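>>> Provided below for reference: sequence and predicted model.
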Amino acid sequence: MNRILKYLFVIIGSCLCGVALINGTIWLLIWLIGLYLLWAVFYSNHRWTIGLRKYLWVLRVLAVFIIIGYTISVRLLFFEVFRIPSESMEQTLKVDDVILVNKYQYGAILPQSPFEIPWVNIACYMNKEARAKMNEKWWPFRRLAGFNAVDRDDVVVFHFPYDDRKYFVKRCIGLPGDTLCIRNSTVFVNDNKHEEKGTIRQRYRITYSDIKQLKIFCEQESIPFDPKKGENAIQLELLTKQAKCISTLNGIKSCNLEADRRWIVDNYFFNNKKLKWDYANYGDVIVPFKGQILDLTDSVTVVYHRKILETFEGLKWNGTLKCYFLNETPIYKHKISNDYYFMMGDNRIESIDSRSWGLVPEKKIIGKATCILYSSSNQLSSNNRILRLIK
């Protein structure tokens, strides 16, 4: 049995090392080599390891610290657990779902402060001088090499762009370099209609000549259904896949997406009085990519991109001269230094997302939501949400 485990360990380790080399993730290779050395010291029959075992008590003390270090590194570099706080991603994710977030997929962000390191932060909290700099960045931003870039329709966990204490979970709709717009509540990316996932919740208007099959379907899907007497139309909140099914039922004349005419209120992020956008008609919005030369005189850029340009690109808007400044010099074009993403919640009716507060810079992305571990909700339906992959 020991021999089988040994060979299995070698095979799996070799495969992981090969993947690390191919993808250029040298940090993972070093992590795996360290893990192998820890195993070898205690279990290998190599001559050098047998000699080290003469100092077994020293090795045991070192092993405790190494194991603690590796435990911390799993959370920092590989996985972290989050709880869903809002309804913005229903039905994909529900309130109180506990999810596993894959950090190495896009490359883990190294800590920028000792307060971000588990266990180490306890010692920092006890130090008065360190506590005074708790909200500061001690070290520069750095992301380790990952296996993939963020892809369209990935469910992404990220820090809110303007407050690192908050984290959001949304679906990525716009990638760096995309041009995105919304027309009558339908999303278009690069002039092509975006093929929405079946779990997107929106409001639909349904007209019918016979209501029987529609009523049965709504009861089966637990959809609130309260038609008014004398009318042959009803408005329902449906998932994309539910709307497709309803459109095929007998007695249904039409099942059309209802334009979301809610006005996007003026807020801290951009002044909508100049753009006059609502949730049904929005954009065109350019999603900037690193290295892109952005025209700073464009009317949408002046309003919609202003917050990211001031916060992440180091520019300042001069309201009197109506132009951007960099180091007290007026500029009219700017080379973007970050990749940005446009995020939206699956529950379009309830989600506050990039439509309200703008784009997400790459440096704020934590990782990819991969699995629902369990639900901490007391509802009976929560029993069905154990170890479910997130799509």
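In hand now; what should we look at? Residues are numbered from 1 along each chain as shown.

>>> mind jotting down where the helices sit in the stretch 151-300 of the chain?
With DSSP state H, counting those that start in this stretch, the ranges of helices along the stretch 151-300 of the chain come out as 212-220, 240-246, 272-275, 299-304.

>>> packing partners for the longest one?
Secondary-structure packing of helix 212-220 (3 or more Cβ pairs under 8 Å, 6 or more residues apart in numbering; DSSP states H and E): helix 240-246. Placement of C-beta: from N, CA and C, glycine included.

>>> how about low-confidence regions in the protein?
Counting by pLDDT under 70, the chain contains low-confidence residues at 1-60, 265-268, 271-272, 378-383.

>>> how close does the residue nearest the centre of it sit to Cys245?
In the chain, the centroid-proximal residue (Cα atoms, centre = their mean) is Val156; its distance is 1.7 Å. Distance, Val156 to Cys245, by Cβ to Cβ, to the nearest Å: 28 Å.

>>> ok, now Asn192?
Asn192 is 25 Å from Cys245, by Cβ to Cβ.

>>> more neighbours: which of those two?
For Asn192 versus Cys245, neighbours defined as other Cβ atoms under 10 Å are more numerous around Cys245 (14 against 8).

>>> list the contacts for the closest residue to that one other than its chain neighbours?
Counting by Cβ to Cβ, 6 or more residues apart in numbering, the nearest residue to Cys245 once its immediate chain neighbours are dropped is Phe217, at 6.8 Å. Going by Cβ atoms under 8 Å, 6 or more residues apart in numbering, Phe217 touches 223, 245-246, 249.

>>> now swap in Asn338 and tell me
288, 290, 312-313, 361-363 are the contacts of Asn338 under Cβ under 8 Å, 6+ apart.

>>> what would those residues look like in JSON lines with secondary structure?
Formatted as JSON lines, these follow (DSSP: H, G, I helix; E, B strand; the rest coil):
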{"residue": "Pro288", "secondary structure": "coil"}
{"residue": "Lys290", "secondary structure": "coil"}
{"residue": "Phe312", "secondary structure": "helix"}
{"residue": "Glu313", "secondary structure": "coil"}
{"residue": "Pro361", "secondary structure": "strand"}
{"residue": "Glu362", "secondary structure": "helix"}
{"residue": "Lys363", "secondary structure": "helix"}
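
>>> hmm, which of those are the buried ones?
288, 312-313, 361-363 (16 or more other Cβ atoms under 10 Å).

>>> just the residues you listed now: which is nearest Ile390?
Glu362 (20.8 Å; Cβ to Cβ).

>>> neighbours around the residue nearest to that closest one when sequence neighbours are not counted, how many?
Of all residues not flanking Glu362 in the chain, Asp339 sits nearest, at 4.2 Å (Cβ to Cβ, 6+ apart). As a burial measure, Asp339 scores 22 neighbours (other Cβ under 10 Å).

>>> I'd say the residue nearest to the centre of the chain and Lys170 touch.
Yes - counting by Cβ atoms under 8 Å, Val156 touches Lys170, with 6.3 Å between them.

>>> between these two, what contacts are shared?
Here Val156 and Lys170 have Met343 as joint contacts, going by Cβ under 8 Å, 6+ apart.

>>> and the helices of the stretch 151-300 of the chain: which comes nearest Pro118?
Once these are compared by Cβ to Cβ, helix 299-304 is nearest, at 37.9 Å.

>>> tell me the helices and strands packed up against that closest one.
So helix 299-304, by 3+ Cβ pairs under 8 Å, 6+ apart, packs with helix 272-275, strand 281-286.

>>> please repeat the previous calculation with a cut-off of 10 Å.
helix 272-275, strand 281-286, strand 293-295, strand 323-326 (3 or more Cβ pairs under 10 Å, 6 or more residues apart in numbering; DSSP states H and E).

>>> mind putting those in CSV, mean neighbour count and distance to Tyr374 included?
As requested, the helices and strands packed on helix 299-304 are exported to CSV (neighbours: other Cβ atoms under 10 Å; distance: least, Cβ to Cβ, whole Å):
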stretch, mean neighbour count, distance to Tyr374
helix 272-275, 14, 40
strand 281-286, 19, 36
strand 293-295, 13, 44
strand 323-326, 17, 48
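
>>> out of these, which comes closest to Asn256?
It is, among those and with distance given as Cβ to Cβ, strand 281-286, at 16.0 Å.

>>> good, we can wrap up now.
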